[in-house]
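Participant: The sequence isn't on hand, but the structure is:
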């Protein structure tokens, strides 16, 4: 595959990742992300010879992927904040239950 084909495929996969983030399908996001990462596992150290048109297209695809990543991060960040609050509520609930058990003479 050419560099342009690789980045075209990677951009399509990144868009699928974005769609998964929008629907909060975190397993799909991770699965597609792994496929995308394996495609881009070793970026070239130097650019292979390509036409100016192909070079511009690769640059546009990279910019598109970066924009997708920004939106993915927004969705994931919101989910992480919600999850952190939920975990804190569970921790507080567990602490309250433990305190109640400790002060209850029937549990001793």
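Facilitator: Yes, it's here. Not measured: the values here are computed from a predicted model. Residues are numbered from 1 along each chain as shown.

Participant: List the buried residues in stretch 10-19.
Facilitator: Within stretch 10-19, the residues scored as buried using 16 or more other C-beta atoms under 10 Å are 10, 11, 13, 14, 16, 17, 18. Just so you know, the C-beta spots here come from the backbone N, C-alpha and C atoms, and that holds for glycine as well.

Participant: Which of those residues fall within helices?
Facilitator: 10, 11, 13, 14, 16, 17, 18 (DSSP state H).

Participant: Dump those to JSON lines, plus pLDDT and distance to residue 56.
Facilitator: Output for these, formatted as JSON lines (pLDDT from 0 to 100; distance: C-beta to C-beta, whole Å):
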{"residue": "10", "pLDDT": "97", "distance to residue 56": "17"}
{"residue": "11", "pLDDT": "97", "distance to residue 56": "14"}
{"residue": "13", "pLDDT": "98", "distance to residue 56": "21"}
{"residue": "14", "pLDDT": "97", "distance to residue 56": "19"}
{"residue": "16", "pLDDT": "98", "distance to residue 56": "24"}
{"residue": "17", "pLDDT": "97", "distance to residue 56": "24"}
{"residue": "18", "pLDDT": "97", "distance to residue 56": "23"}
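
Participant: Tabulate those residues (CSV), appending distance to residue 24.
Facilitator: Listed next are these as CSV, based on distance: C-beta to C-beta, whole Å:
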residue, distance to residue 24
10, 23
11, 22
13, 18
14, 17
16, 14
17, 12
18, 12
